[in-house]
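Novice: Build the 3D model from these lines:
(chains A and B)
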Amino acid sequence: MMANPFCVDINILEVRDLSVSFSASAGPVKVVDDISFDIKKNEIFGIVGESGSGKTVTALSILKLIDPSGRITAGKVIFGGMDILKIDEERMRQIRGARISMVFQEPSTSLDPVFTAGYQIEEAALAHGKMTTSAAKDAAIELLKTVHIKDPMKVYSSYPHQLSGGTKQRVSIAMALVNSPELVIMDEPTTALDVTIQSGILDLISEIVTVKKISVLFISHDLGVINRMCRRVAIMRRGKIVESGDKDAVLKNPSNSYTASLLASARALS
Amino acid sequence: MMVSCRDVSKSFIGRHGVVKAVAGVSLQIKKGQALGLVGESASGKTTLGKMILGIMKPDSGEITMNTSRPQVIFQDPYNSLDPKMKIRDIIGEGLLTGIGKLRSTKYELQNKIQETADLVRLPVSVLDKYPHEFSGGERQRIAIARAVVTEPEFIVCDEPVSSLDMTIQLDILNLLKDVRQKFSMTYLFISHDLRAVKFICDRVAVMKEGLIVEEGPTAQIYSAPSHPYTKSLISSILEVS
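Specialist: Numbers count the residues shown, from 1 in each chain, chains lettered A, B, ... in the order given. Next comes the predicted model:
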């Protein structure tokens, strides 16, 4: 695959020696165990792993959104020249949802059922005080067009239950983009969708990365999806990154036996 | 012929009126065949499977099944196993209710349970534990053991690997393949995952909006799909290399 011509060799996010533990009845469990990786400007960086490997906790740690039972025990997350693990909650709120936003797996639960799609996109903009109410409305409608929703005005005033899974995920993506973030974390953004719908959403994500020049941390359990989307990948297992690097190199010549077994399973089924 | 459906329909009354889940399906599954039923969510696959099993009655049409003891494996082994029952009792229950070959003595019953656990590659030590002590893959092995213990001729597998990790999926699919071969069973394999269907099935039926839009041998459906919907499904498969 051709490298993204816009991808610049500047790190937008650096995760260094990150460890996260959760307390459990049998004592603390290390869910993320001393991992490091970089996300470059304007690239889609993939994290692959099976359930319980620590992918989602990694993503949530970057946004400092892990459950109260979890604790970041070590490491740094460098973003915008500072270690965001050290800043206070007030400053974190200026980053979360604005400079770093997130798209979750399940749009039926990540959208609020009692508000319209349009309201929820506007709310994300207004929460950061960057826009007036009417500017937020314009931005919401414009973004619904950007994510290729066919009837943006109708979807703007629709409630989530009136929308299909694919449209809901497009709305979630629009919401994540409304504050012009530098980095969007996408945690299994197509896993809940049918395959033909998945394909359209993946196209949209690639397009947005090119047009908006954002970076994406793309988390998936599906090597086929990762292969299509990412330039560089990290493979996670039991809280550790067992292998990382250029996607083509990792998928062609895995150096780790776990990566090899993941690939073998995926190939046996293709 | 193991299963024969003729012009089967089923509607549900929803909040927004009548939804035709299955809209006139005719389908046959030969003895010993593994038929894949592919389609996206809400295409009617599970409803059709339930009607074939006799769990649900069709509104119209006719279904004949040439076996008295079909079995089923469900998608989510976190819901399909009774949390209060020991694995031994989960696997053995089918032998007590009369649909299986009745084991006359306790000894024979326990023997059969152990033999089946062995077949699905579960160690004997699991038998006195409870479902919550197992991972998703292990639970699905237990569900398979429960299904095959009665030596059924026909099993409906409804998305049996969809909730599992990739490496575990392959294990379970291999197990389903082996078990089928050992007992020359017939499968209706319901899945939205075209890769899993290709791995298991001899024939594929593609379902969309309650109708079967295309049906044929697996190799032909994957190499030369004729219906545009099948084409779009096949082209959505993402390969790793």
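Novice: what about A:Asp187, how many residues close to it?
Specialist: Using other CB atoms under 10 Å in any protein chain shown, A:Asp187 has 21 other residues around it. (C-beta placed from N, C-alpha, C; glycine too.)
Novice: Ok, B:Met85 next?
Specialist: As a burial measure, B:Met85 scores 14 neighbours (other CB under 10 Å).
Novice: Strands of the chain, start to end?
Specialist: No chain specified, so I'll use chain A. In chain A, the strands defined using DSSP state E lie at A:8-24, A:27-41, A:44-49, A:70-79, A:82-83, A:100-103, A:183-187, A:215-220, A:232-237, A:240-246.
Novice: Oops, wrong one, chain B.
Specialist: Under DSSP E, chain B gives strands at B:3-14, B:17-29, B:34-38, B:60-65, B:71-73, B:154-158, B:186-191, B:203-208, B:211-217.
Novice: what's the offset of the longest one from the middle of its chain?
Specialist: In this case it means strand B:17-29. Here strand B:17-29 is found 18 Å from its chain centre; the criterion is CA atoms, centre = their mean, to the nearest Å.
Novice: Repeat that for the last one.
Specialist: Distance, stretch centre to chain centre, for strand B:211-217: 18 Å (CA atoms, centre = their mean).
Novice: And for stretch B:229-239?
Specialist: What separates the centre of stretch B:229-239 from the centre of its chain is 22 Å, taken as CA atoms, centre = their mean.
Novice: quick check: mean pLDDT across it?
Specialist: Stretch B:229-239 shows a mean pLDDT of 91 in the predicted model.
Novice: With just CA atoms, put it into CSV.
Specialist: The C-alpha trace of stretch B:229-239 is given here as CSV (Å, rounded to 0.1, in the frame of the first residue of the first chain):
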residue,chain,number,x,y,z
TYR,B,229,-26.1,-8.3,-2.9
THR,B,230,-23.9,-11.4,-2.8
LYS,B,231,-21.3,-9.6,-4.8
SER,B,232,-21.3,-6.7,-2.3
LEU,B,233,-21.0,-9.1,0.6
ILE,B,234,-18.1,-11.0,-1.0
SER,B,235,-16.3,-7.8,-1.9
SER,B,236,-16.6,-6.6,1.8
ILE,B,237,-14.4,-9.4,3.0
LEU,B,238,-11.2,-7.9,4.2
GLU,B,239,-8.2,-10.1,3.7
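Novice: quick one: A:Pro152 from A:Leu204, how far?
Specialist: Distance, A:Pro152 to A:Leu204, using CB to CB, to the nearest Å: 14 Å.
Novice: sorry, back to before: now the strands of chain A in CSV, with mean pLDDT?
Specialist: Below are the strands of chain A laid out as CSV (pLDDT from 0 to 100):
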stretch, mean pLDDT
strand A:8-24, 93
strand A:27-41, 96
strand A:44-49, 96
strand A:70-79, 96
strand A:82-83, 96
strand A:100-103, 97
strand A:183-187, 98
strand A:215-220, 97
strand A:232-237, 97
strand A:240-246, 97
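Novice: right, and the ones you listed - which one's nearest B:Lys84?
Specialist: Closest to B:Lys84 of the strands of chain A, according to CB to CB: strand A:8-24, at 23.7 Å.
Novice: Mind giving me the packing neighbours of that closest one?
Specialist: Secondary-structure packing of strand A:8-24 (3 or more CB pairs under 8 Å, 6 or more residues apart in numbering or on different chains; DSSP states H and E): strand A:27-41, helix A:55-62, strand A:70-79, strand A:215-220.
Novice: Of all the ones you listed, which one is nearest chain B?
Specialist: strand A:215-220 (10.3 Å; CB to the nearest CB).
Novice: pLDDT below threshold where in the chain?
Specialist: Picking chain A for this. Counting by pLDDT under 70, the ranges of chain A that qualify are A:1-8.
Novice: should've been chain B
Specialist: For chain B, the stretches with pLDDT under 70 are B:98-104.
Novice: Would you point out which residue of it is nearest chain A?
Specialist: Closest point on chain B to chain A, by CB to the nearest CB, is B:Leu238, at 3.1 Å.
Novice: tell me the contacts of residue 52?
Specialist: Reading this off chain A. Neighbour list for A:Gly52: A:Arg238 [criterion: CB atoms under 8 Å, 6 or more residues apart in numbering or on different chains].
Novice: My question was about chain B, not that one.
Specialist: Counted by CB under 8 Å, 6+ apart, B:Ile52 has contacts B:Val3, B:Cys5, B:Ile63, B:Met65, B:Pro70, B:Val156, B:Leu188.
Novice: And B:Ile91, by the same measure?
Specialist: B:Ile91 makes contact with B:Ile113, B:Thr116, B:Ala117, B:Leu127, B:Ile142, B:Ala145, B:Arg146, B:Val149, according to CB under 8 Å, 6+ apart.
Novice: Equivalent analysis for A:Val103, please.
Specialist: A:Ser110, A:Gln169, A:Ser172, A:Ile173, A:Ala176, A:Val184, A:Ile185, A:Met186, A:Asp187, A:Pro189.
Novice: May I ask which two of the residues you listed are separated the most?
Specialist: For those, the farthest-apart pair by CB to CB is A:Gln169 and A:Ile185; their separation is 14.5 Å.
Novice: The two - which one has more neighbours?
Specialist: Between A:Gln169 and A:Ile185, A:Gln169 has the larger neighbour count (other CB under 10 Å), namely 31 against 27.
Novice: Beta-bridge partners for the residue lying closest to A:Met102 once chain neighbours are set aside, please?
Specialist: What sits nearest to A:Met102 in space, not counting adjacent residues and going by CB to CB, 6 or more residues apart in numbering or on different chains, is A:Ile185, at 4.6 Å. Beta bridges link A:Ile185 to A:Met102, A:Leu217 when assigned by DSSP bridges.
Novice: Let me know whether A:Ile185 touches A:Leu217 as I believe.
Specialist: Yes: counting by CB atoms under 8 Å, A:Ile185 touches A:Leu217, with 4.6 Å between them.
Novice: Give me the common contacts of the two.
Specialist: A:Ala59, A:Ile62.
Novice: Mind putting the strands of chain B into CSV with distance to A:Gly52 and mean neighbour count?
Specialist: Shown next, in CSV, are these (distance: least, CB to CB, whole Å; neighbours: other CB atoms under 10 Å in any protein chain shown):
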stretch, distance to A:Gly52, mean neighbour count
strand B:3-14, 36, 16
strand B:17-29, 35, 17
strand B:34-38, 29, 26
strand B:60-65, 40, 14
strand B:71-73, 23, 23
strand B:154-158, 25, 25
strand B:186-191, 24, 26
strand B:203-208, 33, 23
strand B:211-217, 38, 18
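Novice: could those strands be laid out in CSV, adding distance to chain A?
Specialist: Shown next, in CSV, are the strands of chain B (distance: least, CB to the nearest CB, whole Å):
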stretch, distance to chain A
strand B:3-14, 12
strand B:17-29, 15
strand B:34-38, 10
strand B:60-65, 26
strand B:71-73, 18
strand B:154-158, 15
strand B:186-191, 11
strand B:203-208, 10
strand B:211-217, 13
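Novice: near chain B, which residues of the stretch 151-270 of chain A?
Specialist: Contact residues (CB under 8 Å from any CB of the partner chain) of the stretch 151-270 of chain A with chain B: A:165, A:194-199, A:221-225, A:227-228, A:251-252, A:261-270.
Novice: Any chance of a ChimeraX selection covering the buried ones in the residues you listed?
Specialist: Paste this into ChimeraX to select the buried members of those, with burial taken from 16 or more other CB atoms under 10 Å in any protein chain shown:
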select /A:165,194,195,197,198,199,221,222,223,224,225,227,228,251,262,263,265,266,269,270
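Novice: Could you list which of the residues of the stretch 151-270 of chain A next to chain B belong to helices?
Specialist: Secondary structure from DSSP state H places A:165, A:195-199, A:223-225, A:227-228, A:251-252, A:261-268 of these in helices.
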